[in-house]
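Trainee: give me a model of this one.
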Amino acid sequence: MSVSVSLWCEEEVRGQQGQGAQQGQARGHSQLRAPWDPSVSGQRIIQRLLQVEERYLPSALYVALIQRDPERREELAKWAMEVCCERGCDETVFPLSVSMLDCFLSASLSLPVSPYCLAAACILIYSFLHFQNSVCDNMEMERVILATLRWDVAAVTAQDFIPHFLPPVGERKDGKTDTEEFFSTLRRHSDTLVAMCVCDYRFLGAPPSLVAAAALNSALRGLGNKGPGHLGHMSATLAELCQTDLVSMVLQCYSELIEAALKQRLRGGLQDSAMEKDGEIEDERAGTPTDMREIDF
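Mentor: From the prediction side, this is the model:
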């Protein structure tokens, strides 16, 4: 696999040198990022994101249909996550791909013959990856998706809000700010919770800003190094940033929903590991009686 499309200015043109393909592939796995610019953060940017996020929410009809039978969508979302992790895609590719998947299904209200082809096409569109021997079905599905969405694919996800929510949340009542290590840990935990919400049908149709605020709130409580007063101050700050009526109650509800979903997944993971261990023990047991195995042929 080689990178054929990139937005980086320093990318070399393929074919100039014999090692161009290998260098392009190496750059595909390294996440090059511009340094954080404080001038593109703050209340003005948050307000703009809040205005844009409503345009990419799925329809109420699609949400109702998915809630009746959520297994297929959850299966596709988990498969997309596994592919993104295996291929080393940027952390933004997975939520954007699932958002495009939901937007396409919301607009068409019909599942294609190959749902995994649809999910793969969404991943390829956002990851800018191109296989040398591309499958014609994937390329055709990409055209169908882009035509259906009219090339309006610059969706807003919960991960777009997290870096803008972090600085206000990190401000303490005494005027001091938390350490860089705390911000890094909080960001990792929040990204993990957001990825879990993307796969969970119960958060389908929720505004990304609310999901991001609830994930941050749950991550803060999960870290356990803040007092009740400080946690209340941070929750109030997040509620104010979301700028929604009754957002404090809704934020608390979604935070509890995230924590319940996390506990459910952890219990499911422990049960799966226990079942796998029991299966290994069962395989190791002899199917032949012990005395029969002691015979010297």
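Trainee: you'd agree Ala107 is up against Ala147?
Mentor: No: counting by Cβ atoms under 8 Å, Ala147 is not a contact partner of Ala107; they are 10.5 Å apart. From N, CA and C alone the C-beta is placed, and that goes for glycine too.
Trainee: between the two, which one's more packed in?
Mentor: Taking other Cβ atoms under 10 Å, Ala107 and Ala147 do not tie; Ala107 has more neighbours (15 against 9).
Trainee: and the more buried one, what helix or strand is that in?
Mentor: Element membership for Ala107, per DSSP states H and E: helix 93-108.
Trainee: buried residues in that helix?
Mentor: Neighbour-count burial for helix 93-108 flags 93-106 (criterion: 16 or more other Cβ atoms under 10 Å).
Trainee: with stretch 109-127 instead?
Mentor: For stretch 109-127, by 16+ other Cβ under 10 Å, it's 112, 115, 117-127.
Trainee: pLDDT, distance to Asp200 and secondary structure added to those, as a markdown table?
Mentor: As requested, the buried residues of stretch 109-127 are arranged in a markdown table below (pLDDT from 0 to 100; distance: Cβ to Cβ, whole Å; DSSP: H, G, I helix; E, B strand; the rest coil):
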| residue | pLDDT | distance to Asp200 | secondary structure |
| --- | --- | --- | --- |
| Pro112 | 79 | 23 | coil |
| Pro115 | 88 | 18 | helix |
| Cys117 | 89 | 24 | helix |
| Leu118 | 90 | 20 | helix |
| Ala119 | 91 | 17 | helix |
| Ala120 | 90 | 22 | helix |
| Ala121 | 90 | 23 | helix |
| Cys122 | 91 | 18 | helix |
| Ile123 | 91 | 19 | helix |
| Leu124 | 89 | 24 | helix |
| Ile125 | 89 | 23 | helix |
| Tyr126 | 88 | 20 | helix |
| Ser127 | 82 | 23 | helix |
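Trainee: domain parsing of the protein, as residue ranges.
Mentor: Domain segmentation of the chain under automatic domain parsing yields 59-148, 158-262.
Trainee: what about the nearest residue to Val169 once chain neighbours are set aside, neighbour count?
Mentor: Nearest non-adjacent residue to Val169, counting by Cβ to Cβ, 6 or more residues apart in numbering: Met234, 5.1 Å away. Met234 has 21 neighbours, counted by other Cβ under 10 Å.
Trainee: so for Val52, which of the domains of the chain sits nearest?
Mentor: domain 158-262 (9.2 Å; Cβ to Cβ).
Trainee: now the helices for the chain?
Mentor: When assigned using DSSP state H, the helices of the chain occupy the ranges 20-29, 43-53, 60-68, 71-87, 93-108, 115-127, 136-148, 158-170, 180-199, 208-223, 228-242, 247-284, 290-293.
Trainee: save these as JSON lines, and put in distance to Pro35 too.
Mentor: Formatted as JSON lines, the helices of the chain follow (distance: least, Cβ to Cβ, whole Å):
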{"stretch": "helix 20-29", "distance to Pro35": "18"}
{"stretch": "helix 43-53", "distance to Pro35": "16"}
{"stretch": "helix 60-68", "distance to Pro35": "38"}
{"stretch": "helix 71-87", "distance to Pro35": "24"}
{"stretch": "helix 93-108", "distance to Pro35": "21"}
{"stretch": "helix 115-127", "distance to Pro35": "23"}
{"stretch": "helix 136-148", "distance to Pro35": "31"}
{"stretch": "helix 158-170", "distance to Pro35": "12"}
{"stretch": "helix 180-199", "distance to Pro35": "14"}
{"stretch": "helix 208-223", "distance to Pro35": "22"}
{"stretch": "helix 228-242", "distance to Pro35": "23"}
{"stretch": "helix 247-284", "distance to Pro35": "31"}
{"stretch": "helix 290-293", "distance to Pro35": "66"}
